[in-house]
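Peer 1: curious how this folds, go ahead:
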Amino acid sequence: MRNYRRLLDICDFQGGTQPPKDEWVNTPQPGYIRMLQIRDYSQGDPKFIEYVKDTGKLHKCTKEDIMLSRYGYIGQAFTGLEGAYNVALVKVVKLEPVLNSYLYYYFQSPYFQHTLLSNVGSRATIPGFNKTELEKALIPVPTDEEQQSIVERLQKVDNLIEKHKQQIFNLDELVKSRFVEMFGDSEYNTYNLPVVYLSDLCNIGSSKRIYQSEQSETGVPFLRISDLGVLMDTGEIKADLYIPYNRFEELKSQGLVPDTGDILVTSRGTIGRCYIVKDSDNFYFQDGMISWLSRFSDDVMSLYIAYLFDMTGFKKQINNLQAGSTVAYLSIAMLKKLKIMLPPIELQNQFAEFVQGVNKERAAIQESLEELEVLKKPLMQKYFG
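Peer 2: Next up, the predicted model:
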């Protein structure tokens, strides 16, 4: 018989702090505390792009603390953050001695996610959670020995998952290395390629504004910037906003819907991430936060442009356009000013063939990764209900 306890008897949750505007700065300095941008941590890669004075009044966490996201990726659990944290996060504070790693797995369990999200969905206009959503949450609390055994079994699966993720990462790095080998360093244009403005190669714009009154509960997915990030990271559309089919078809008939090969670029938050529209895609997207590159010249491939955006040197060019700005934003005007190295189209085609070959290997590893993640789900169900 499992020993179930109320979650709130086992642990408490400490919310973050929101410093005054005059305590924010744009660059790290001694004595300043870095803040986490949650969207990037969804892929295990925290980008500390915001900084704030350490006045002694900020809530802080260590790398061992379990943190939960209150907004966006609601209830996502992670560790490894050290410093101050903002109101988008809560820190798990243990009230009773439970293994930290066991508790960490509990917060990843389908039971916890279902309990949390079902309660959030019942009341929030802006999805997020407080302790009230966890009043009825239960947690099985076996002996320390059983907790350790459960953790070890789950860690074995996680180690295999991480190995596959590392293989995928290595393939992605291989493609980037091949890009530099074929086209040179994008910061210094080491191969002296012709340089043109991005506006010379494609149309640069955004979607037609969709007002709240035009949105619906069903229909064609309407992607906000966070939804586009999920699509990039997982390949899945998980939008909770829609527009009616007839409105989508109207926009499509006017040429206002992205076509296959077009690029969507994130213009807020983590700016400059690119998504190449697929033939099977069927969605619309939020204006302002997402820019749209379309009608590419015959001299350039969208694949080349998308990879160029991911090069370190090119990112520096984007960062230089942000000079003096307090908020990271990549406007349409800025996009038009970006200078693009333009290699011969034949060389771009060779690169595309290389990417296609790597993607076949990547797809096989991804399939094995998904099988491991499917294997993990019944284990989580078994241990946490």
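Peer 1: can you give me the helices in the stretch 251-385 of the chain?
Peer 2: 302-309, 312-321, 332-337, 345-384 (DSSP state H, counting those that start in this stretch).
Peer 1: need the ones you listed in CSV with mean neighbour count, distance to Tyr104 and mean pLDDT, can you?
Peer 2: Placement of C-beta: from N, CA and C, glycine included. Below are the helices of the stretch 251-385 of the chain laid out as CSV (neighbours: other CB atoms under 10 Å; distance: least, CB to CB, whole Å; pLDDT from 0 to 100):
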stretch, mean neighbour count, distance to Tyr104, mean pLDDT
helix 302-309, 21, 34, 97
helix 312-321, 15, 33, 91
helix 332-337, 15, 40, 95
helix 345-384, 14, 12, 95
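Peer 1: looking at this protein, which helix or strand is least sure?
Peer 2: helix 38-41 (a mean of 55; mean pLDDT, DSSP states H and E).
Peer 1: measure Leu174 to His114 for me?
Peer 2: 39 Å (CB to CB, to the nearest Å).
Peer 1: neighbour count winner among those two?
Peer 2: Legend: neighbour count by other CB atoms under 10 Å for Leu174 and His114, higher for Leu174 (14 against 11).
Peer 1: now that one: which helix or strand?
Peer 2: Following DSSP states H and E, one finds Leu174 within helix 144-183.
Peer 1: could you give the angle of that helix to helix 302-309?
Peer 2: 110 degrees (axes from the mean of the first three to the mean of the last three CA atoms, to 10 degrees).
Peer 1: adjust the sequence numbering to begin at 422 for everything that follows.
Peer 2: Noted, 422 is the first residue going forward, which turns the last one into helix 565-604.
Peer 1: show me which residues of whatever helix or strand comes next after helix 565-604 are buried.
Peer 2: Reading on from helix 565-604 to the C-terminus, the next helix or strand found by DSSP H and E is strand 616-618. Judged by neighbour count using 16 or more other CB atoms under 10 Å, the buried positions of strand 616-618 are Val617.
Peer 1: what of stretch 667-682?
Peer 2: 668-669, 672, 678-679, 682.
Peer 1: between the residues you listed, which is closest to Ile753?
Peer 2: Proximity of these to Ile753 was ranked by CB to CB; the top entry is Pro679 with 15.2 Å.
Peer 1: the closest residue to that closest one other than its chain neighbours - how many residues pack around it?
Peer 2: Excluding its sequence neighbours, the residue lying closest to Pro679 (CB to CB, 6 or more residues apart in numbering) is Val698, at 4.6 Å. Neighbours of Val698 under the rule other CB under 10 Å: 19.
Peer 1: can I assume Val698 is in contact with Thr681?
Peer 2: Yes: using CB atoms under 8 Å, Val698 is in contact with Thr681, at 5.8 Å.
Peer 1: now do the contacts for the residue nearest to Pro679.
Peer 2: Residues in contact with Val698 (CB atoms under 8 Å, 6 or more residues apart in numbering) are 679-685.
Peer 1: go again with 10 Å.
Peer 2: By CB atoms under 10 Å, 6 or more residues apart in numbering, the contact list for Val698 reads 678-685, 704, 713-715, 723.
Peer 1: and it, what pLDDT?
Peer 2: Note for Val698: predicted pLDDT of 97.
Peer 1: cool, Asp654 as well?
Peer 2: Asp654 carries a pLDDT value of 85.
Peer 1: and it, how far from Arg427?
Peer 2: Remark: distance between Asp654 and Arg427 (CB to CB) = 34 Å.
Peer 1: repeat that for Gln771.
Peer 2: Counting by CB to CB, the gap from Gln771 to Arg427 is 61 Å.
Peer 1: quick one on the thing from earlier: out of the buried residues of stretch 667-682, list just those in strands.
Peer 2: Assigned to strands by DSSP state E, none of the buried residues of stretch 667-682 qualify.
Peer 1: make JSON lines out of those residues and add pLDDT.
Peer 2: Shown next, in JSON lines, are those (pLDDT from 0 to 100):
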{"residue": "Arg668", "pLDDT": "94"}
{"residue": "Phe669", "pLDDT": "95"}
{"residue": "Leu672", "pLDDT": "94"}
{"residue": "Val678", "pLDDT": "95"}
{"residue": "Pro679", "pLDDT": "95"}
{"residue": "Gly682", "pLDDT": "97"}
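Peer 1: show the backbone phi and psi for Pro679.
Peer 2: Backbone torsions for Pro679, taken as degrees, to the nearest 10, come to phi -60, psi 140.
Peer 1: is it correct that it is in contact with Ser712?
Peer 2: No: if you go by CB atoms under 10 Å, Pro679 and Ser712 don't touch, sitting 11.1 Å apart.
Peer 1: what sits closest to Lys629 if chain neighbours are left out?
Peer 2: That would be Leu677: by CB to CB, 6+ apart, it lies 5.1 Å from Lys629.
Peer 1: er, Val541 I mean
Peer 2: Val541 sits nearest to Phe550 (CB to CB, 6+ apart), 5.1 Å away.
Peer 1: how many residues are close by that neighbour?
Peer 2: 21.
Peer 1: SS state for it?
Peer 2: Taking DSSP: H, G, I helix; E, B strand; the rest coil as the rule, one finds Phe550 in the coil state.
Peer 1: now it: how far from Glu788?
Peer 2: Distance from Phe550 to Glu788, by CB to CB: 34 Å.
Peer 1: how many residues are close by Tyr609?
Peer 2: Neighbour tally, Tyr609, other CB under 10 Å: 9.
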